[in-house]
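Novice: Give me the fold of what follows.
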Amino acid sequence: MEAKEYLDVYENVYRSRSVTFPGCAYMDDTGFITNNKLNLERILKIADSFYRLNNIKINKQKSELLLRKNVSKKKPLESVVKIKFGEDEIEVKPTARNQSSRFLGVWINAFNDNRHVEQQIKNEIKAIIKNISCRKGITDKMMIYLFNMLIIPIVEYRSQLYVIEERVLEKLMAPFRSFIKNRLKFAKTAPNAILETHFIYNLNNLVANQKQAKITNFVLQVNDTGILGKIMEVRFINIQQQLLLENHPIYVIDEKLVHKIKQIKNIGFKYHFILNNIKLLVENNFKFARNDNIMLKFNVEGGPTLIRDVVSNGVYIKNFKTLQDNNLIFMDQITTLDKKYLLSIEELEMKRFVKLLNTKRMSKKNGKLYENILADLADSRISYRIKSNIVEQILAVDEVYNLKGTILLPTTVLPEKGATVVSKMTRGVLQNRTVFGRIIKIDRDNNVVFFNHFENLTDDYEKNIILRKCKGCELGIINADVFKGEIKSNCLIVEHIERVFLLSPYRWNKQHHSKRLQNCTYYYEGVSVNFYDEMLRYDSAFKNSIIHQRLDNKDLIQYDDRRDKTDNIDKNLEKGSRYNIAYQRIKRIKDRIALNSSKNISIYIDGSVKENKTEYIKSIFGVMIYDEDDNLIDKYFSTVEHWLTSTKAETMAFFTALLMIQDDKNYKIYTDSQNVIKNYRYLTNRWETITTRDLLKFDKNNAIWFNIKEILDELSLHIDVIKVESHSDNELHNTVDKEIKDCYEIEDKLSNTLVTYNTEQYKFPVLWNNYVVEMNLRRFIRLLTRTQGLEKFFNLNRNWRYRILDVKWEIVFAYIGLQIEGETTFKTDNFICKQKRMKIQRLIEEIPTIEQMKKSSYDIYRNFKCVFCHKKKETFNHVWTCRYNRKILKQIIGRTIDTMVTLLKEYGATFDEVQILTNIKKLDIFFPKFRDNKFNFVDLIKGIFPIQLYDFIGNILGINNNMKIIELGTKILQYVMDETKKHIWIPRCEKLKIIEKNYGINKKDKKRTDSKFCKEKQEDILQRPINLFRRYEDLEGVKEYILFGKEILDFTVVVNRV
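Specialist: Residues are numbered from 1 along each chain as shown. You can find the predicted model right below:
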């Protein structure tokens, strides 16, 4: 595998990068790859002779053929191809373009078309639906377990090298969603969010699983230190070249560029595994931390203004193939050196990087495409002057440091007589003036060129030059007189051979000129005087060292990294500023340890967190260094940010202590963190090879442990890490702990230790929303997808009220998940399944009311009203608040309050019962009528538990008894469910049965397909208002988890919303 790495895009200088890896051949299945039928038959002849020589019997008729050729309706793929296989002739049916052939367990498609993977996934889902549907007694837990544990791993395996579009995955998932809803007796209108929300059914979504698998595996691949890492590097170089990127694809490709790549009609980009992985990262707000060494390695010198940033999207996409063929990346590749004018096609021919144009004129098609760029950027079609706003953008950042790949051929190449040349005057009062002419004679002995002066008849900026032979002027009349005995000329220019250049390397170099207008007047199409004037001016400046030439044809920049790579502090910390002095402080402590005469150094470390899971969370770690007589050498305290836990504080303390260590002393590090001790022993175990995958599996702070591992690998001495008991009688360790507590008073004055996450084993640290991911990557992505599923549930139109009101969702989901006493995760039966379904139906307001049943049986229930009052529509809210049920509802509310008081007593609460009853009745949740802007008892019937009630119970039981409050809350909700079912819902169902019997409605009628979809039904049933008020869309739960250590559900609490 190889790729071209461009070192100089202007001079077309590159080096070949390749990687070679061993292969293995299997005799039972052999594949031959060639470019035509003749070569294939030649190879098969050799193979056949080998088989006959070794008496190997093969079935030639079982051969499969993959043909990579253009196929259309006019030129379809051949139905049968005859191939000579040694002494036999066989007939083979070529595999269709949209099909694949299996070879040694690998599916191969000649056109990189992965639709067979989609079909395989579709078949697997069909198979499991078929198997489950013929089984009785299958419950919700069984179906979800089978899908999550059987189908998901199969899908993940089959699509390892294929990133499937989200809409395709949703389409593949749809049949199983419909099946499980039907099996659980949900309506089709039940939202998918109830199935995929982790706290309800937890059905693993194919989209979510793809994010988890693909992103995790891609991170492992790019960070691999073996052969896979080298292969990825070569592939990245290929992508960089194909997409005309100025640096590493991982750093350059963003959301804007992803959109452009989608629009480029290139089948290779559509199914490109790496590109689709990067796209997946970008779409989910992932990126990689900047690694300066890698960016320097992949940097393409030039610009920096990019063509794709200046040219409009439509023009860039339409012309992408032309730009790609000529490796056009930067604006200064298609502009004059003064950045004010675009180059013409003829001027582009003189550039070394242009491949289509060096030998002949650009084709008509490419010429038309380039015209689109001219129309987009230029405001003059005569001079190709660039629009002023674009010029300002380019001039602000671009520099001229070489001739941008222009081929200037001096007359040392000895051109023919009559060749058109250009030069700058080097002598006289008209020095540095650009002159044109045609060669008369070259004196190789004296290194001078004699040429007739031709005067320019056009404007300097016009993209056409007309030259007329000069009849005599101050530039050459004296030379003509001096050399009149040797050369016949009215105006003669004499210049040094190296300062006279051909007008073009490819044209106008002969005696006869095809564009002769009249006697001694010639027309030069597509070039301007300004182009040559700028070129010769800068060429002279570079040669005379007036301007520093950073890149030349052969001399490449030698970069100098001035950071001390032997110093762990330089490698692992970001350099401080006047606002952050951690870098300088740690360096000074390291120097003090070096100057200390003691050979044995003791380091005590500790860390802690204060006000955890709040916006006021703080974390500080400390390091105190003592000599062998327990005299304090120095101490260091610092704050910690993001992923704040006591474990991270302890880990940061250990990391900082390692930065202070030198090889000439003996060190003992004392800590009370079992996590630090465990991980240190794991990393220093000589019998195990620790891979990138192993470290990324660390549950916490894995990013910093990469830095710690690299430091430990480089240290030549052994460090003793000793475990001390927390708050024990170890005086020195207790001192660290005490000083850390004292530092919280001056926390704002402490600096933050900024870590550089760029080790050799973890070159591409993963960021999410600019936060370094410091936990097991797959679990973090699972956390993201679960939170997205939760947000999807909260954002349902039917939940709009609960995006305004404060709900204790932890209790709501605990109530839904717990059906009977003593139930466990793996225990299930039809009763448990039915109970959960009924609770969810209430939560999403889809119990089988008359209005709900109209969605499927509109013809039957079209004129039905409430079964009690026969006046109003029977909606979810009306079932409970109908005037015929008001008295019953008030009785249920009273019994619920009494039950709540009884439960509080059972949990050990003591209170004034009269006062507590008065306070309970004031709570909004026990109000019998439905209200939009406040809680009411209907919400409690649905299974909603308000934070107002949670806080009320917490004030009685004690706010620290969270588990008791949750348990009591679930019991209250269960009681309300049982009471309303017994006294309202069941009587209502019995009454409906009587009505249906009177109308002669049976089960067969209900299953009958509804009549034609009518306008009345559409207006009555399906027109729902879309409520976008206060939607959750930014994964706030995950952000608060990273910043403050909060629980994922805490973000739903409404605090000071305007």
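Novice: now the strands: where do they sit in the stretch 701-850 of the chain?
Specialist: Secondary structure of the stretch 701-850 of the chain (DSSP state E, counting those that start in this stretch): strands at 720-723, 766-768, 771-772.
Novice: And the closest residue to Leu275 other than its chain neighbours, how close does it get to Met143?
Specialist: Leaving aside its chain neighbours, Leu275 sits nearest to Phe269 (5.9 Å; criterion: C-beta to C-beta, 6 or more residues apart in numbering). In this view, the C-beta of every residue, glycine as well, is placed from N, C-alpha and C. If you measure Phe269 against Met143 using C-beta to C-beta, to the nearest Å, the figure is 39 Å.
Novice: the more surrounded of the two?
Specialist: When neighbours are counted by other C-beta atoms under 10 Å, Met143 comes out ahead of the other of Phe269 and Met143, with 22 against 17.
Novice: The more buried one belongs to a helix?
Specialist: Yes. With the criterion set as DSSP: H, G, I helix; E, B strand; the rest coil, the secondary structure at Met143 is a helix.
Novice: Quick one: residues contacting it.
Specialist: Residues in contact with Met143, defined by C-beta atoms under 8 Å, 6 or more residues apart in numbering, are Ile132, Ile180, Arg183.
Novice: Of those residues, just the buried ones, PyMOL syntax please.
Specialist: The following PyMOL line selects those of those that are buried, judged by 16 or more other C-beta atoms under 10 Å:
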select buried, resi 132+180+183
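Novice: Now secondary structure, distance to Asn36 and pLDDT too, for the contacts of Met143, in CSV please.
Specialist: As requested, the contacts of Met143 are exported to CSV (DSSP: H, G, I helix; E, B strand; the rest coil; distance: C-beta to C-beta, whole Å; pLDDT from 0 to 100):
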residue, secondary structure, distance to Asn36, pLDDT
Ile132, helix, 51, 90
Ile180, helix, 52, 94
Arg183, helix, 56, 92
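Novice: Closest to Gln333 out of the contacts of Met143?
Specialist: Distance from Gln333 was checked for each of those by C-beta to C-beta. The minimum falls on Ile180, at 57.3 Å.
Novice: Spatially nearest residue to that closest one (excluding sequence neighbours)?
Specialist: For Ile180, ignoring the flanking residues on the chain, the nearest one in space by C-beta to C-beta, 6+ apart is Met143 at 5.6 Å.
Novice: The longest helix seen in the chain: what's the following helix or strand?
Specialist: Ranked by number of residues, the top helix in the chain under DSSP state H is helix 886-906. Downstream of helix 886-906, the first helix or strand assigned by DSSP states H and E is helix 913-921.
Novice: Give me the residues contacting the very next helix or strand once past that following helix.
Specialist: Scanning forward in sequence from helix 913-921, with DSSP H and E defining helices and strands, the next element found is helix 937-942. Contacts to helix 937-942, defined as C-beta under 8 Å, 6+ apart, come from residues 842-843, 845, 877, 880-881, 889, 893, 896, 925-928, 930, 946, 972-973, 976-977, 980.
Novice: thinking again about what came up before, pLDDT on the helix or strand harbouring the residue nearest to Leu275, on average?
Specialist: Element membership for Phe269 (DSSP H and E) is helix 267-270. The pLDDT scores in helix 267-270 average 75.
Novice: Check stretch 965-981 too.
Specialist: When pLDDT is averaged along stretch 965-981, the result is 94.
Novice: How much space separates the residue nearest to Ile180 from Ile132?
Specialist: Computed as C-beta to C-beta, the Met143 to Ile132 distance reads 6 Å.
Novice: Following the helix or strand bottoming out on mean pLDDT in the chain in sequence, what is the next regular element?
Specialist: Across the helices and strands of the chain, mean confidence by mean pLDDT, DSSP states H and E is lowest for helix 1015-1017: a mean of 57. Next in sequence after helix 1015-1017, counting helices and strands by DSSP H and E, comes helix 1036-1044.
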